[in-house]
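[1] here is my input, please return the structure:
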Amino acid sequence: MLEQIQINPVIAAVCNEEELALALDSDCRVVFLLMGDVLDIGELTRRVHASGKLCVIHLDLIEGLSSKEIAVDAIQKATGAEGIISTRGALIKRAKQLGLAAVQRGFMLDSRSLNSFEQQIAQSKPDFVEILPGLLPKVISSLKDRIAAPIIAGGFIHEKEDVISALQAGALAVSASSPKIWSV
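    Numbers count the residues shown, from 1 in each chain. Prediction:
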């Protein structure tokens, strides 16, 4: 996954069928699935793979999926996705045990949430961290100095300048749900 992100640092984050169709036709090499349920996630993943892209599933947003570690096993077996996203450290640890790319998502509300997220990362040791909102260059820069995992900036990325700002601050990539960003 790291190689694909280095080739194109814009990740398509899709929340509905229309966005998925646009993402599959985009230049993005990685798709974050922020949609689906236990019945259709396998088919959604197959569509992503059929377009030649890597698929990373946000487990916390899949309807009907529990927050227990077995959910990671189920997703791996049912989908063949390359990785998962979660705010839950236990799911991140399980993904790593199974050889999946693990993206830990954190919401930066204030300095306490930043410090708490840093502690969570130290425990779960994700392959990537995704911070939201992504329009926080100072937070990206600070976090980059404090953790080893590459940073993905997400949330409120709507303009080319937002992408450039996040990357210049030290993010490896950005995840965006805005289709106009996918071709930047």
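
[2] ok, which stretches of the protein are helices?
    Taking DSSP state H as the criterion, the chain carries its helices at 2-7, 17-24, 41-50, 70-79, 89-97, 111-124, 137-146, 160-169.

[3] wait, which of these is closest to residue 184?
    Between residue 184 and the helices of the chain, the tightest spacing by C-beta to C-beta is seen for helix 160-169, at 5.0 Å. The way it works is simple: take the backbone N, C-alpha and C, and place the C-beta from them, glycine included.

[4] pull the CA atoms of that closest one into PDB?
    Output of helix 160-169 as PDB, limited to C-alpha atoms (Å, rounded to 0.1, in the frame of the first residue of the first chain):
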ATOM      1  CA  LYS A 160      -5.700  21.500  -4.400                       C
ATOM      2  CA  GLU A 161      -4.200  23.900  -1.900                       C
ATOM      3  CA  ASP A 162      -5.400  21.700   0.900                       C
ATOM      4  CA  VAL A 163      -3.600  18.700  -0.500                       C
ATOM      5  CA  ILE A 164      -0.400  20.700  -1.000                       C
ATOM      6  CA  SER A 165      -0.600  22.200   2.500                       C
ATOM      7  CA  ALA A 166      -1.100  18.700   4.100                       C
ATOM      8  CA  LEU A 167       1.800  17.200   2.100                       C
ATOM      9  CA  GLN A 168       4.100  20.100   2.800                       C
ATOM     10  CA  ALA A 169       3.300  19.800   6.600                       C
END
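
[5] and that helix, what does it pack onto?
    With contacts defined as 3 or more C-beta pairs under 8 Å, 6 or more residues apart in numbering; DSSP states H and E, helix 160-169 has these neighbours: helix 137-146, strand 173-176.

[6] contacts for the longest strand along the chain, please.
    Longest strand of the chain, by residue count under DSSP state E: strand 101-107. With contact meaning C-beta atoms under 8 Å, 6 or more residues apart in numbering, strand 101-107 is reached by 1, 32, 56, 58, 60, 82-87, 89, 92-93, 95-96, 113, 117, 120-121, 124, 126-132, 149, 152, 154.

[7] out of the residues you listed, which are buried?
    By neighbour count, with 16 or more other C-beta atoms under 10 Å, those hold 1, 32, 56, 58, 60, 82-87, 89, 92-93, 95-96, 117, 120-121, 124, 126-132, 149, 152, 154 as buried.

[8] what are the buried residues along the longest strand of the chain?
    In terms of neighbour count (16+ other C-beta under 10 Å), strand 101-107 has its buried residues at 101-106.

[9] try stretch 176-183
    Using 16+ other C-beta under 10 Å as the test for burial, stretch 176-183 gives 176-179, 181-182.
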